[in-house]
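Colleague: here are the coordinates; sequence isn't available:
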């Protein structure tokens, strides 16, 4: 019984399995909104969670980078390094980057290992209607160059672990789908 | 008793406290050697450990950077971001960078929080004798510019948590000093 009590005092948390949820999709497809909501749910479950997105990362890690293909890929490479380290130390990492290129997403998958690709799918017309930051408007006027979906390519995931249709699902439904998938994949045991 | 057994099954590991051991010092002062040895000891104790050093980081995170003051500081800023995330998620982080500027080390301390500065002190003459990578030789010939200790400044820590005299101590003694300090600071409970 002594031993048992000791265990209680030392904490009885199960060692968390690290993973990276990699949200990819067009601007205004809903990546950040769903990732934020999933992060909230995972925190409520007591998991260690880190969110990596453009706003956070471009301030600290990648403020030298623009939006050329090369710069976008370098951006993703640095994020991948951070996600890899966190993942192998048992953290639930949620990244939300357009990450439009298939090849570099495949590299991130290889490097991170426990990598769950979440394709946040939404028709371009709906994204343009939403235009969360008013960026499509500017891009369509030609005021922003290299804007994904307008003047820059987006290569759809061919075989993502999770597919969200954010034009048909509510935010809660999308988040729940991700949680359900994590459960099925054995990450929330 | 059921509950007690469940705890056992779920693992009875104590939640690890994250911290960053920040090794700073001249080239060839012994930063990496001591950090590597301490990392080994911490791993043997069952801790989650990450080493961040120039070789690792310049490949992934900072391969665009040179050795100007600005670039050195940007290098440290990125490392600090990674160390901060790992530290707050319970990882023992060991960084070994010359990190010659006091101001940016102070910024890293502020940002990381659980920051233990390890000044790896060694007289310049001894570092030049060691010249682990043959870099001093080149720097003294003028073949390398901006080389710390020769043509670039090193600002000594004024109040480091740990001071190692690597010209007087063996590697094991230095490593043991660090472990002892971690113990005293309550990080290895």
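Modeller: Arrived safely, thanks for sending. If you're wondering where the values come from, they're calculated on a predicted model, not measured in any experiment.
Colleague: next, the angle helix B:69-88 makes with the lengthiest helix in chain A.
Modeller: In chain A, assigned by DSSP state H, the helix with the most residues is helix A:69-88. Angle, helix A:69-88 to helix B:69-88, by axes from the mean of the first three to the mean of the last three Cα atoms, to 10 degrees: 30 degrees.
Colleague: need the residues that contact helix A:69-88.
Modeller: The contact list for helix A:69-88 (Cβ atoms under 8 Å, 6 or more residues apart in numbering or on different chains) reads A:18-20, A:22, A:50, A:52, A:57-58, A:61-62, A:65, A:93, A:95, A:97-101, A:104-105, A:107-108, A:111-114, B:50, B:60-61, B:64, B:78, B:81-82, B:85-86, B:89. Using the backbone N, CA and C atoms, a C-beta is placed for each residue, glycine as well.
Colleague: any low-confidence regions in chain A?
Modeller: A:1-14 (pLDDT under 70).
Colleague: and the helices in it?
Modeller: A:2-9, A:31-44, A:54-60, A:69-88, A:102-112, A:124-130, A:135-140, A:171-184.
Colleague: and residue A:98, what does it touch?
Modeller: By Cβ under 8 Å, 6+ apart, the residues touching residue A:98 are A:24, A:25, A:26, A:27, A:31, A:72, A:148, A:154.
Colleague: quick one: contacts for the residue lying closest to residue A:34 once chain neighbours are set aside?
Modeller: Nearest residue to residue A:34 in three dimensions, chain neighbours excluded: residue A:174, at 4.8 Å (Cβ to Cβ, 6 or more residues apart in numbering or on different chains). Residues near residue A:174 by Cβ under 8 Å, 6+ apart: A:30, A:34, A:37, A:120, A:164, A:166.
Colleague: swap in residue A:42?
Modeller: Per Cβ under 8 Å, 6+ apart, neighbours of residue A:42: A:49, A:92, A:94, A:179.
Colleague: please verify my assumption that the third one contacts residue A:23.
Modeller: Yes - assessed by Cβ atoms under 8 Å, residue A:94 is found in contact with residue A:23 at 6.9 Å.
Colleague: please identify every residue contacting each of these two.
Modeller: residue A:35.
Colleague: how close does residue A:109 sit to residue B:91?
Modeller: Distance of residue A:109 to residue B:91, given as Cβ to Cβ, to the nearest Å: 23 Å.
Colleague: so which of the two has more stuff around it?
Modeller: Between residue A:109 and residue B:91, counted using other Cβ atoms under 10 Å in any protein chain shown, residue B:91 has the larger neighbour count: 25 against 17.
Colleague: quick one: contacts for that one?
Modeller: Residue B:91 touches A:89, B:16, B:18, B:48, B:49, B:50, counting by Cβ under 8 Å, 6+ apart.
Colleague: which one is the third one nearest to, not counting chain neighbours?
Modeller: In space, and not counting its chain neighbours, residue B:18 is closest to residue B:87: 4.1 Å by Cβ to Cβ, 6+ apart.
Colleague: and the gap between that neighbour and chain A?
Modeller: 11 Å (Cβ to the nearest Cβ, to the nearest Å).
Colleague: next, count neighbours for that residue.
Modeller: 22.
Colleague: follow-up on the earlier one: make a markdown table from the contacts of residue A:174 and add neighbour count and distance to residue A:186 to it.
Modeller: Converted to a markdown table, the contacts of residue A:174 look like this (neighbours: other Cβ atoms under 10 Å in any protein chain shown; distance: Cβ to Cβ, whole Å):
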| residue | neighbour count | distance to residue A:186 |
| --- | --- | --- |
| A:30 | 26 | 26 |
| A:34 | 28 | 21 |
| A:37 | 19 | 22 |
| A:120 | 26 | 23 |
| A:164 | 25 | 20 |
| A:166 | 23 | 26 |
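Colleague: re the thing from before, list the buried residues in the longest helix of chain A.
Modeller: For helix A:69-88, a neighbour-count test (16 or more other Cβ atoms under 10 Å in any protein chain shown) marks A:72-87 as buried.
Colleague: ok, stretch A:162-177 next?
Modeller: Of the residues in stretch A:162-177, those buried (16+ other Cβ under 10 Å) are A:162, A:164, A:166, A:174, A:175, A:177.
Colleague: likewise for stretch A:88-105?
Modeller: A:89-101, A:104-105.
Colleague: max pairwise distance over these: which two?
Modeller: Greatest spacing in these, by Cβ to Cβ: A:90 and A:100 (29.7 Å).
Colleague: quick one: contacts for the nearest residue to residue A:123 once chain neighbours are set aside?
Modeller: Of all residues not flanking residue A:123 in the chain, residue A:167 sits nearest, at 6.0 Å (Cβ to Cβ, 6+ apart). Residues in contact with residue A:167, defined by Cβ under 8 Å, 6+ apart, are A:122, A:123, A:126.
Colleague: which one of these is nearest chain B?
Modeller: Of all the contacts of residue A:167, chain B sits closest to residue A:122, with 29.4 Å by Cβ to the nearest Cβ.
Colleague: so the closest one sits right up against residue A:25, yeah?
Modeller: Yes - with contact defined as Cβ under 8 Å, residue A:122 reaches residue A:25; the gap is 6.6 Å.
Colleague: okay, those two: which has more neighbours?
Modeller: Each of residue A:122 and residue A:25 had its neighbours counted (other Cβ under 10 Å), and the higher figure belongs to residue A:25 (28 against 22).
Colleague: who touches the closest residue to the more buried one other than its chain neighbours in this structure?
Modeller: Using Cβ to Cβ, 6+ apart and skipping residues adjacent in sequence, the residue nearest residue A:25 is residue A:120, 3.4 Å away. For residue A:120, the contact set (Cβ under 8 Å, 6+ apart) comprises A:23, A:24, A:25, A:26, A:29, A:30, A:31, A:34, A:164, A:166, A:174.
Colleague: farthest pair within the residues you listed?
Modeller: Between any two of those, the greatest separation by Cβ to Cβ is 14.9 Å, found for A:26 and A:174.
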